[in-house]
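Asker: 3D model of this:
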Amino acid sequence: MANGRVITGFSKPYVALYDANDGNPRYTGVIPLARGVQVSLAIATSGNTQLYTDNVSGENVGGKFTNGTVTLTVDGLKDDARELIQGLKTKSEVTVGSAKVNVYDYDDTQKVPYVGIGFIVRYMEDGVTTYVPVVFPKASFSVDGLKAQSQGENISFQTQELTATLMRDDSATHKWRRVADAQTTEDLAEAVIKSLLGGAQ
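Answerer: Residues are numbered from 1 along each chain as shown. As a prediction, this is how the structure comes out:
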């Protein structure tokens, strides 16, 4: 058996609204965020604390998570996912010809909520593929930007980059990341994410 495993993919990003619930966090409204393209994690930790004895380092306390960001590159947000992660409260209805069109308004009523984020990291070890569910219990997305370009001779697929600030949750142990056992199928890993984010068991 190999001594390690290699990452071969990223898929199925999910989000759900976070509720501190007096120290017993819970989630509602778990939905797919979009189709996953790429994910990257950047974290900051407190400095190591060392005790020097007999002129050498005798004891060391390692740094702990203080804050971080996760950047998710996806194909593009659908309206329900944008409404959830951006806290869009106001919709205007306009009439265009005979059609009624909803318009999402970014205005003073917008309040970006805390959410839980989950996704799957695919691995390979000795030719065997496994799927690892990863969840960040408490996060807050930055307001989404936009970058698009005109089509040339060929279609250029354009993706969307979303950045969320990571925090510790409000549980007694203040969790900031959860990683479940590797699953044998993507469907099983997806079920774990939905369960951790308050979906059907």
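Asker: Next, name the residue at the spatial heart of this protein.
Answerer: When CA atoms, centre = their mean is applied to the chain, the residue found nearest the centroid is residue 117 (3.4 Å).
Asker: Now do the strands in this structure.
Answerer: With DSSP state E, the ranges of strands along the chain come out as 6-19, 26-32, 36-45, 49-53, 56-61, 65-74, 90-96, 99-105, 115-125, 128-141, 160-167, 178-179.
Asker: The second one: partners in the sheet, and parallel or antiparallel?
Answerer: It refers to strand 26-32. The strands beside strand 26-32 in its sheet (DSSP bridges) come out as strand 6-19 (antiparallel).
Asker: mind listing what's buried in the partner strand?
Answerer: Within strand 6-19, the residues scored as buried using 16 or more other CB atoms under 10 Å are 10-19. C-betas here are computed from N, CA, C, even on glycine.
Asker: ok now that strand, how far from the chain's centre?
Answerer: Offset of strand 6-19 from its chain centre (CA atoms, centre = their mean, to the nearest Å): 6 Å.
Asker: Adjacent strands (with direction) for the helix or strand bottoming out on mean pLDDT in the chain?
Answerer: For the chain, using mean pLDDT, DSSP states H and E, the weakest element among its helices and strands is strand 56-61, scoring a mean of 76. Using DSSP bridges, strand 56-61 pairs in its sheet with strand 49-53 (antiparallel).
Asker: Which positions in stretch 161-179 come out as buried?
Answerer: Buried residues in stretch 161-179, counted by 16+ other CB under 10 Å: 162-164, 166-170, 175-176, 178.
Asker: Residue 38 and residue 184, how far apart?
Answerer: Remark: distance between residue 38 and residue 184 (CB to CB, to the nearest Å) = 24 Å.
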